[in-house]
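**Q** Fold the following, please.
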Amino acid sequence: MKSNYFTKQLSTVKRWMATTLFCMLALAFVWQGAFFSNTSAIADPAATLIASKDAGDKVQDKASEDAGRAKNFIQDTADKVKQAARDNASKVDQSTDSGSFAERKAKRDAATIQKRANEDSARTQKAVDNTKNAVERTVDSIKDAFGK
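**A** Next up is the predicted model:
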């Protein structure tokens with residue numbers, strides 16, 4: 001009989017401990033929500049929209065600036081590749097007698113390298129422009145969505 005009485009008391013203690021723990025957790029969640037909520041964003045939403053329009057303009061300006069830098073870098077790289085091809089052809093020309101197979105091959109290779117450098121440069125610059133335009137379109141659509 002004592003073990004039955006002891007089991008009943010233990011069950012009651014478990015129930016009270018579980019209820020207390022549940023109440024404390026509920027209180028903690030309510031307390032966290034009250035003290036850590038960001039009410040400044042609710043106070044004046046117009047200020048955040050103005051800031052987002054300015055940020056959009058800054059993003060577009062930065063995209064244009066970076067695209068210009070990237071295109072200049074691409075053009076400089078293409079020029080260096082073409083110059084290296086010309087230099088190599090010139091070195092082969094100087095080291096061989098006139099009209100040799102190696103000289104003709106070096107000149108053909110230099111012309112091919114220069115042609116491919118121009119093609120690669122144009123293709124890469126077009127990709128940079130497409131990326132810049134996509135960024136600007138995305139920013140414009142976001143600004144339009146917030147503007148309405």
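**Q** For the chain, which helix extends over the most residues?
**A** helix 45-95 (DSSP state H).
**Q** how about the nearest residue to Val139, chain neighbours excluded?
**A** Gly56 (4.5 Å; C-beta to C-beta, 6 or more residues apart in numbering). C-beta: built from backbone N, CA, C; applies to glycine.
**Q** roughly how far is the longest helix of the chain from the heart of the chain?
**A** Between the mean C-alpha location of helix 45-95 and the chain-wide mean there is a distance of 17 Å, by C-alpha atoms, centre = their mean, to the nearest Å.
**Q** Which secondary structure elements does it sit against?
**A** For helix 45-95, the elements it packs on are helix 101-147, judged by 3 or more C-beta pairs under 8 Å, 6 or more residues apart in numbering; DSSP states H and E.
**Q** pLDDT averaged over whichever helix or strand Gln32 is part of - what is it?
**A** Gln32 is part of helix 2-35 when elements are defined by DSSP states H and E. Across helix 2-35, pLDDT averages out at 77.
**Q** got the buried residues for that helix?
**A** Of the residues in helix 2-35, none count as buried by neighbour count, 16 or more other C-beta atoms under 10 Å.
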